[in-house]
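**Q** Sequence first, then the predicted structure, then my questions.
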Amino acid sequence: MIDSEVLDFVNTLADEPVITSKSEEKHVIVQFVDSEGHNKGDPISLPASTSQNDLENILKSNIEQENPEFTNYEFYVDGIQVLDDLDVAVKQYRAKLFGEDQKKAIESTENIVNLTYQAQALFHVRPVTRCSSSIPGHKGAVLFAQFSPDGKTLATGSGDATVRFYDLNTELPCNLGTDCHSDPVLCICWAPDGLTLASGCQGGKIGIWTLCTRQDVEADQASASSSDSSAPKKMLGEMFLKSTLVKTYTPGKKWIRSIAFRPYHIEPLCRHLAACYQDNTIVIWDTFQGHQVRVLSGHGKPVTAIRWGGSDLIYSASQDQTIRVWNWDTGSMVRSLSLHGHWINCIAVSTDYVLRTGPFDPAKASLVHTNPHVTGNLRTVEAREELRLFAQKLYEKFKGPEGERVAVGSDDNTLSLWRPAESGKPICDRMTGHQGVVNDVKFSPDGRLIASASFDHSVKIWEGRTGKFLATMYGHVSEVYLVAWSADSRLLVSGSKDSTVKLWTMKEVRRWTQDQLVGGQEAKLLANGTKFKRLPLEPIVTADNAVPKKKQRPSTGRGPFQGKRHLLHDLPGHADAVFALDWSPDGQRVVSGSKDRMVKMSVSPDPSRQ
């Protein structure tokens, strides 16, 4: 029997004053609210059938004319995203309230619906579906690959102890770096100005590779300074490449695991970088003079990963099962974070994307300038300061009011989520669900989702602010090593030991999450207001779109979920395990590197954006 009080509430749904009748068509009175909670414009009456695209057009033409750089927006009714139309979102919102407190839901009904909008991305990224280049050259496994901040250059590091550079206009290798390393290159990192690359190897050496103009080369040749320890410069498209060996360590400090440059909005010269080592230390280097600035000690076991955050703090993860927060200027540890029961493998920061792109506009793959009198030379003081201010503004916008968050993945099969600059307590309990080692974790560029790759052959998606589990991506048949997000946070690629790269969409993840929110883990009213269903804890979607019988989901009232697919494409595969993976900041290309020594570029059929 259905409680009479429940039936009374259901009957009120059709008569609530939020939706009014006009010419026999339902309308919703909407108040646009920005991401900071400020009302924008006056309330307006919109058809209940208004779609998300219609809302975007209304917003751009009436409210956000001053921010034409943003092309994509998301809309929320008290946390319920508008995915279909206003009518569905409003009904889901009421069902959510009813599940929490029925009487409060009835009493708190208002005439105006607050519709919060958030800028999502500067452009749409089209799915990559074809291999545009298969590039040989490395004589060992490709261990790392990364695009430059402007998306115009690619660098790869290999087990053959070399660093290779590629011109993306031709997708051909331009230069081979053999000047620095004699051991496998384990990590590389572009400086946010796009002019410098750092590489670290198993032998403890750090190489600094600098792109310079023809004028810089001629000036160096004219000065012929005896103190210039640079190797001969090599052509890289229209730029030149020079390499500098920063330091060779004694055997006790071998294995450079991770490298990170100081953020551009703090230091536009990109002078300092941090590197973590097998001997439990983190070293801050001056890349101009090639000497140590400071050594950060405190970890009890090897440091596996580091990030240099936008608040100028360094975050480090270690096999001693802790995450530590450092003030690099004083060399002091701000706090130590402990939650995991085994060593920590990977770390990600919610602002990674904006820190990576620095002064570049990813939509145009070019520097951002607002002053026409400022030249494009990054080395001029005036240009650097203007670009620093732009990078700082963008960082503050992406960081948001909740602050910078850090996610880590561990050998104990779990993840954790923190605000380490503010507190030593985790945002949530350990994020459980994986049945194997968590090998990689990445925030989406907008910071709203987290993707984790595991040895249990799966990729899991989590809510980026709360750590709530959202979905599991099944399809790989062996360990998943890496994940990489598209610039608009709508697509994800994963690389595996099974030699494949898979492309996933987040569209149905968001949709299913809201259905689950309405249905919950208890019997609650669904959006249609007439049926009760019990929904399972997680969506199960396999590569062949098959749903195991034991975990079939009931209908949500809007069509069977199992008819939708997360998996979009299998990208052209390698002949062996995929060790390197990256998506260019401009969204144009995906690169993968493999144990088969090949570098593959994948693009969309039409590289132009939507």
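**A** Thanks, I have it.

**Q** Could you list every helix and strand that the helix or strand hosting residue 306 packs against?
**A** Assessed by DSSP states H and E, residue 306 sits inside strand 303-308. Using 3 or more Cβ pairs under 8 Å, 6 or more residues apart in numbering; DSSP states H and E, the elements in contact with strand 303-308 are strand 256-261, strand 272-277, strand 313-318, strand 344-349. Just so you know, the C-beta spots here come from the backbone N, C-alpha and C atoms, and that holds for glycine as well.

**Q** Which elements pack onto the first one?
**A** What that stands for is strand 256-261. Packing partners of strand 256-261 (3+ Cβ pairs under 8 Å, 6+ apart): strand 185-190, strand 196-201, strand 272-277, strand 303-308.

**Q** Throw those strands into CSV and include mean neighbour count, distance to residue 88 and mean pLDDT, thanks.
**A** Formatted as CSV, these follow (neighbours: other Cβ atoms under 10 Å; distance: least, Cβ to Cβ, whole Å; pLDDT from 0 to 100):
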stretch, mean neighbour count, distance to residue 88, mean pLDDT
strand 185-190, 24, 43, 96
strand 196-201, 26, 48, 92
strand 272-277, 24, 47, 94
strand 303-308, 24, 39, 97
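
**Q** closest to residue 36 out of these?
**A** strand 303-308 (26.2 Å; Cβ to Cβ).

**Q** Can you tell me what sits against the closest one?
**A** Under the criterion Cβ atoms under 8 Å, 6 or more residues apart in numbering, residues 257-263, 274-277, 280-282, 314-319, 328, 343-349, 352, 355, 406 lie in contact with strand 303-308.

**Q** again, only this time at 6 Å
**A** 257-258, 260, 262, 274, 276, 282, 314-318, 345-347, 349 (Cβ atoms under 6 Å, 6 or more residues apart in numbering).

**Q** Pick out the most distant pair among the residues you listed.
**A** Using Cβ to Cβ for every pair in the contacts of strand 303-308, the one that comes out farthest apart is 262 and 345, at 23.9 Å.

**Q** More neighbours: those two, which one.
**A** Taking neighbours as other Cβ atoms under 10 Å, residue 262 and residue 345 compare with residue 262 leading, 22 against 19.

**Q** Please name the nearest non-neighbouring residue to that one.
**A** Closest residue in space to residue 262, ignoring its immediate chain neighbours: residue 272 at 4.6 Å, by Cβ to Cβ, 6 or more residues apart in numbering.

**Q** likewise residue 438?
**A** Residue 438 sits nearest to residue 409 (Cβ to Cβ, 6+ apart), 3.2 Å away.

**Q** With residue 185 instead?
**A** Of all residues not flanking residue 185 in the chain, residue 157 sits nearest, at 3.2 Å (Cβ to Cβ, 6+ apart).

**Q** Run through the stretch 451-600 of the chain and note the low-pLDDT ranges.
**A** 510-565 (pLDDT under 70).

**Q** Run through the helices of it in chain order.
**A** For the stretch 451-600 of the chain, applying DSSP state H, counting those that start in this stretch gives helices covering 507-519.

**Q** Show me the beta-bridge partners of the residue nearest to residue 438.
**A** Beta-bridge pairing for residue 409 (DSSP bridges): residue 346, residue 415.

**Q** wait, isn't it in contact with residue 437?
**A** No. Counting by Cβ atoms under 6 Å, residue 409 does not reach residue 437; the two are 8.2 Å apart.

**Q** what about the two, which has more around it?
**A** residue 409 (29 against 18).

**Q** who touches that one in this structure?
**A** Applying Cβ under 6 Å, 6+ apart to residue 409 gives the contacts 345, 346, 415, 438, 441, 452.

**Q** go again using 10 Å as the cut-off
**A** Contact partners of residue 409, counting by Cβ atoms under 10 Å, 6 or more residues apart in numbering, are 305, 317, 340, 344-348, 415-416, 431, 434, 437-442, 450, 452-454.

**Q** now swap in residue 196 and tell me
**A** 148, 189-190, 208-212, 244, 261, 270-271, 273, 287.

**Q** What score does residue 31 have for pLDDT?
**A** According to the per-residue confidence, residue 31 scores 87 in pLDDT.

**Q** what do you get for residue 428?
**A** What the model reports as pLDDT for residue 428 is 95.

**Q** isn't it right next to residue 414, touching?
**A** No. With contact defined as Cβ atoms under 10 Å, residue 428 does not count as touching residue 414 (11.1 Å).

**Q** Mind checking which of the two has more residues around it?
**A** A count of neighbours by other Cβ under 10 Å puts residue 414 above the other of residue 428 and residue 414, at 20 against 15.

**Q** Just give the closest residue to that one, not the sequence neighbours.
**A** residue 430 (4.2 Å).

**Q** Residue 462 is in contact with the one you found, correct?
**A** No. Using Cβ under 10 Å, residue 430 is not in contact with residue 462; the gap is 11.6 Å.

**Q** Return every residue with contacts to both of the two.
**A** Both residue 430 and residue 462 are in contact with 415, 417, where contact means Cβ under 10 Å, 6+ apart.

**Q** my read is residue 144 is in a strand, agree?
**A** Yes. The assignment for residue 144 (DSSP: H, G, I helix; E, B strand; the rest coil) places it in a strand.

**Q** Verify the stated contact: it with residue 199.
**A** Yes. Between residue 144 and residue 199 there is a contact under Cβ under 10 Å: 8.3 Å.

**Q** So for the two, which residues contact both of them?
**A** Common contacts of residue 144 and residue 199 (Cβ under 10 Å, 6+ apart): 155, 156, 157, 163, 185, 186, 187, 188, 189.

**Q** which stretches of the stretch 1-150 of the chain form strands?
**A** For the stretch 1-150 of the chain, applying DSSP state E, counting those that start in this stretch gives strands covering 19-22, 25-33, 39-47, 72-77, 80-81, 113-121, 130-135, 142-147.
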